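Novice: any chance you could fold what I've pasted below:
(2 chains)
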Amino acid sequence: MKEGPAAAMEGLYQHHGPAILRYLQRRFGRAASAEDLLQETFVRALGNQRGLAGAASPRAFLFGIARHVGLAAARRARLMRVETFEEAAARDESDPALAEMRAAIARLPEQIRETLEFRLRDELSYEEIAAVLRIPVGTVRSRLHTAVRLLRDELNPGEAM
Amino acid sequence: MDMVKIEALLMDHALGGTSDEVGALVEAYVERDAAARARLEELRGTVGAAKRALASQPVLLPAYPRGALEHSMQRHLWKRRVVAGAAIAACIAVGFLIGDLWRGENRKTDIATRVASVPAQKSGVPVAAEMATVRDFWSTARLRASAEQASKETNAQSDRRIRIQSWNHIGDGL
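Specialist: As a prediction, the model looks like this:
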């Protein structure tokens, strides 16, 4: 293996690995080992050097592969970790407001919740989310607005516009 | 400005999705508009709470899987070589197939031309019109013609035999 791509890949692993691992753990943690999925993600990225070099955002490119790898694993396991937030809410009884918010997020439609997570937890830009989910930026914006509106309406029902 | 547009802008700003330039314009706008400022604060509260709710525990990143990645890279290179080899072999096979088909077409055309050039030969069997009726079949004229034809065929056979026998003696006198 050439030293250049390997060294670059190691740099990407150190820089983006933790965020991708967190994403894989929370999203596909029940379907497969998140560490295995992370390794598979980087193996695929290494096999697609051209795609990585041409990507506008390496972070979005890696998240896109991680999502693909995770969905494939989930399909194989026929199990998705959708109740993460209820579990977290049940664990964290000390802060009822946070528990309520987690429950409200858990009730969001899957696509909207996923987009919100990419923005608020993984801190991907609108463009990066669009690249990961392969949807237009306008759709990302619309989903995020819907998410905020639904959360606000659910947590403050009297102030709904 | 359109209220719907303002709402969308405020929401993007609360989500951190506006550029620095647009963000500065939004901040300047909400300084002048108290209702918009209150709205932005409300949206920021919702987004902030959602962000706190989504905050993850730090994870322990496993060591960089250098060995696995090197192995995978080697496998990937071999796979590419095999695929390239198979593609070349397939191209050659297709070329041979097309060449063979093309030659086959030419051969067919050649045979058809040769067949067409051969003159049609008259059949020795009497045509149906010659024996249209039972009475004609046993007529004197037909029997005579038949005898003449048989005699001609016998003569022709004996001529051929004589010619073949004479070929066997070619060069005997030398």
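
Novice: longest helix in the chain, by number of residues?
Specialist: As the question left the chain open, I've gone with chain A. When chain A is parsed with DSSP state H, its longest helix is helix A:3-28.

Novice: let me rephrase: I mean chain B.
Specialist: helix B:66-117.

Novice: which helices and strands sit right next to that one?
Specialist: In terms of contacts (3 or more C-beta pairs under 8 Å, 6 or more residues apart in numbering or on different chains; DSSP states H and E), helix B:66-117 is packed against helix A:3-28, helix A:34-47. All C-beta atoms are positioned from the backbone trio N, CA, C, and that covers glycine.

Novice: number of nearby residues for residue B:93?
Specialist: 10 (other C-beta atoms under 10 Å in any protein chain shown).

Novice: still on that earlier bit, if I average pLDDT within each of the helices and strands packed on helix B:66-117, which one is lowest?
Specialist: Mean pLDDT is lowest for helix A:3-28 among the helices and strands packed on helix B:66-117, at a mean of 85.

Novice: that one: which residues count as buried?
Specialist: A:5-6, A:8-10, A:12-13, A:16-28 (16 or more other C-beta atoms under 10 Å in any protein chain shown).

Novice: quick check, it touching chain B?
Specialist: Yes - contact of helix A:3-28 with chain B (C-beta under 8 Å from any C-beta of the partner chain) involves A:6, A:9-10, A:13-14, A:17-18, A:21-22, A:25-26.

Novice: can you lay out these as a markdown table showing distance to residue A:119?
Specialist: Output for the residues of helix A:3-28 next to chain B, formatted as a markdown table (distance: C-beta to C-beta, whole Å):
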| residue | distance to residue A:119 |
| --- | --- |
| A:6 | 32 |
| A:9 | 26 |
| A:10 | 28 |
| A:13 | 23 |
| A:14 | 24 |
| A:17 | 20 |
| A:18 | 18 |
| A:21 | 19 |
| A:22 | 14 |
| A:25 | 18 |
| A:26 | 15 |
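
Novice: in chain B, which ranges drop under the pLDDT threshold?
Specialist: Applying pLDDT under 70 to chain B flags residues B:1, B:57-58, B:119-135, B:160-174.

Novice: ok now stretch B:42-59, how far from the chain's centre?
Specialist: 55 Å (C-alpha atoms, centre = their mean, to the nearest Å).

Novice: ditto for stretch A:62-78
Specialist: 11 Å.

Novice: contacting residues around stretch B:19-26?
Specialist: B:9-10, B:13, B:18, B:40 (C-beta atoms under 8 Å, 6 or more residues apart in numbering or on different chains).

Novice: so how far is residue B:87 from the spatially most central residue of chain B?
Specialist: Centroid check for chain B by C-alpha atoms, centre = their mean gives residue B:94 as the closest residue, at 10.2 Å. Here the distance between residue B:94 and residue B:87 works out to 11 Å (C-beta to C-beta, to the nearest Å).

Novice: report the two of the residues of helix A:3-28 next to chain B separated the most.
Specialist: The two members of those with the most space between them (C-beta to C-beta) are A:6 and A:26, at 29.0 Å.

Novice: next helix or strand past the lowest-mean-pLDDT helix or strand in chain A?
Specialist: Across the helices and strands of chain A, mean pLDDT, DSSP states H and E gives its lowest value to helix A:84-91, namely a mean of 56. On the C-terminal side of helix A:84-91, the nearest following helix or strand under DSSP states H and E is helix A:96-106.

Novice: buried stuff in whatever helix or strand comes next after that following helix?
Specialist: Going down the chain from helix A:96-106, the next helix or strand is helix A:110-120, by DSSP H and E. In terms of neighbour count (16+ other C-beta under 10 Å), helix A:110-120 has its buried residues at A:112-120.

Novice: closest one of these to residue B:72?
Specialist: residue A:118 (26.8 Å).

Novice: how much space between that closest one and chain B?
Specialist: 10 Å (C-beta to the nearest C-beta, to the nearest Å).

Novice: that residue: what's it in contact with?
Specialist: Applying C-beta under 8 Å, 6+ apart, the residues near residue A:118 are A:63, A:124, A:128-129, A:132-133.

Novice: from those, which land in helices?
Specialist: Going by DSSP H, the helices hold A:63, A:128-129, A:132-133 from those.

Novice: the closest residue to residue A:19 other than its chain neighbours: neighbour count?
Specialist: Nearest non-adjacent residue to residue A:19, counting by C-beta to C-beta, 6 or more residues apart in numbering or on different chains: residue A:122, 5.5 Å away. Using other C-beta under 10 Å, residue A:122 has 20 other residues around it.

Novice: dihedrals phi and psi, residue A:122?
Specialist: Dihedral pair for residue A:122: phi -90, psi -10, per degrees, to the nearest 10.
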